[in-house]
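Peer 1: what would the 3D arrangement of this be:
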Amino acid sequence: MNIAVVGAQWGDEGKGKIVDLLAQRFSIVARYQGGHNAGHTVHVGGRKFILRLIPSGILHAGVTCVIGNGVVVDLKALFEEVDELATAGIAVNGRLLVSDRAHVILPYHRDLDRLSEASLGARMIGTTSRGIGPAYEDKAGRRGLRVCDLADGAALEELVRDGVARRNRLVQDEALRWEDVLSQARELGARLRPWVSDVSVALTKAMADGRSILFEGAQGTMLDLDHGTYPYVTSSNATVGGACTGLGVGPRSVHAVLGIAKAYTTRVGEGPFPSELLGAEGEALRAKGHEFGAVTGRPRRCGWFDAVQVRHAVRVNGLDAVVITKMDVLDGLAAVPICVGYRVGDEVCDEFPADLRRLQRCTPVLESMPGWPAATAGAKDFRGLPPEARAYVERLEELIGVPVLLISTGAGRDDTIVRNEPLAAAWFGSALSLA
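Peer 2: Now for the predicted structure:
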């Protein structure tokens with residue numbers, strides 16, 4: 001059975017832990033969009049790993065990891081990650097495939113990203129300035145450089161020269177030498193060559209051989225280019241449809257879709273956030289949840305669980321179930337509100353609006369649930385949770401319309417509760433090992 005894992009909020013939901021937890025049940029973990037702006041944090045055996053481009057399944061021996069054509073690849077960042085894993089004793093050679101159709105981020109993309117953000121002034125998006133957006137712009141503009149171009153000397157030189165020339169026309173402070181960019185691209189391209197593959201063919205053959213695939217998304221539904229809070233979004237499709245276009249597989253290849261959502265809500269960067277907590281409450285939630293970006297270190301904005309927003313994610317992804325993460329962060333609160341609707345003037349709506357101006361006027365309609373004095377941190381069994389915590393999870397299931405499969409109560413692999421054992425058995429064929 002092939003399962004897609006997608007973020008059901010604004011990213012940072014804990015997808016890395018869940019993919020790492022589930023990866024032992026799959027032959028392949030395949031990443032289908034985004035770039036090295038997405039940091040998936042995994043805690044294993046007292047060690048912390050931050051994976052940016054390489055799928056989270058790399059920590060399991062025998063699992064093949066795939067970077068699809070929908071990902072934009074910064075080769076320097078990729079090999080920094082490879083070398084970090086090697087230092088930690090985790091081999092990548094023979095276990096990683098990179099699509100020959102994936103687009104490459106080059107130094108001038110980072111320069112253009114910074115220039116674009118600066119030019120927006122008060123309307124800035126809040127990007128990581130890692131060149132992700134400009135690389136996708138080049139892709140859409142049909143002037144991008146793909147992995148397959150790295151092996152073609154003449155084509156590579158022409159694409160690099162043209163790209164650097166565009167950059168130098170726009171960035172006036174200091175000219176970039178195309179010869180330097182070309183030299184680096186050739187060097188890193190040669191190192192990449194053993195891993196380059198037509199991943200569509202590779203995945204199709206793997207499925208024909210009965211091998212299972214875990215499709216790994218980056219960012220979250222609300223950062224999706226089409227279905228997120230546009231224009232405060234990423235430059236790719238973070239929803240499940242990106243799995244098909246970003247890996248070259250058909251929709252029937254995805255047998256189930258699992259959404260990941262925090263027990264509360266966070267987002268990074270600019271843009272509307274109806275359930276956001278400002279002041280001391282938001283600061284307290286950020287501090288307790290260690291809500292700072294894994295890649296950038298930027299503080300995340302925090303708010304209550306937004307059922308309107310998660311229902312939107314359920315619909316556009318066709319979610320079959322969700323995982324609730326960071327349940328333990330809510331321990332000790334006297335009350336835990338849930339956003340169940342939006343108020344706009346005299347009107348209450350329960351659908352997520354497309355119009356950014358309307359969304360900015362929305363205030364949350366809150367339903368307060370009793371908090372729980374006892375700790376959920378490290379709990380392993382749903383029946384062992386405080387009754388108020390169980391009631392909170394059950395209410396979330398009612399509001400979003402799909403079952404909760406797992407509940408994460410801490411950073412470690414085994415700090416996880418199987419909430420829905422029949423569904424876990426149906427998906428994975430047996431009891432889900434959390435060790």
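Peer 1: and the closest residue to residue 234 other than its chain neighbours, what does it touch?
Peer 2: Excluding its sequence neighbours, the residue lying closest to residue 234 (C-beta to C-beta, 6 or more residues apart in numbering) is residue 223, at 4.5 Å. Quick note: C-beta positions are derived from backbone N, CA and C, even for glycine. Listed by C-beta atoms under 8 Å, 6 or more residues apart in numbering, the contact partners of residue 223 are 7, 10-11, 229, 233-234, 238.
Peer 1: just checking, what packs against the helix or strand containing residue 315?
Peer 2: Residue 315 belongs to helix 307-317 when assigned by DSSP states H and E. Packing partners of helix 307-317 (3 or more C-beta pairs under 8 Å, 6 or more residues apart in numbering; DSSP states H and E): strand 256-262, strand 335-344, helix 387-400.
Peer 1: related to what we said a few turns ago, which members of the contacts of residue 223 are the farthest-apart pair?
Peer 2: Of all pairs drawn from the contacts of residue 223, the widest gap by C-beta to C-beta lies between 7 and 229 and measures 13.5 Å.
Peer 1: may I have the secondary structure class of residue 233?
Peer 2: Judged by DSSP: H, G, I helix; E, B strand; the rest coil, the three-state class of residue 233 is coil.
Peer 1: quick check, pLDDT for it.
Peer 2: Turning to residue 233, the model gives it a pLDDT of 94.
Peer 1: low-confidence ranges, this structure, go.
Peer 2: Under the criterion pLDDT under 70, the flagged ranges of the chain are 38-39, 44-46, 116-128, 294-296, 430-435.
Peer 1: could you break it into its assigned domains?
Peer 2: Per the record, the chain has its domains at 3-100+198-428, 103-195, by automatic domain parsing.
Peer 1: my read: residue 148 touches residue 104, true?
Peer 2: No: between residue 148 and residue 104 there is no contact under C-beta atoms under 8 Å: 10.0 Å.
Peer 1: tell me which of those two has more neighbours.
Peer 2: A direct count of neighbours by other C-beta atoms under 10 Å for residue 148 and residue 104 places residue 104 higher, at 28 against 16.
Peer 1: against residue 155, how distant is that one?
Peer 2: Between residue 104 and residue 155 the distance is 12 Å, computed by C-beta to C-beta, to the nearest Å.
Peer 1: what do you get for residue 112?
Peer 2: Residue 112 sits 21 Å away from residue 155, taking C-beta to C-beta as the criterion.
Peer 1: same question for residue 353.
Peer 2: Distance, residue 353 to residue 155, using C-beta to C-beta: 45 Å.
Peer 1: neighbour count winner among the two?
Peer 2: Neighbours per residue (other C-beta under 10 Å) separate residue 353 from residue 155, with residue 353 holding more: 19 against 14.
Peer 1: and for the residue lying closest to the more buried one once chain neighbours are set aside, the neighbour number?
Peer 2: The shortest distance from residue 353 to any non-neighbouring residue, by C-beta to C-beta, 6+ apart, is to residue 359 (5.1 Å). Neighbour count for residue 359, taken as other C-beta under 10 Å: 17.
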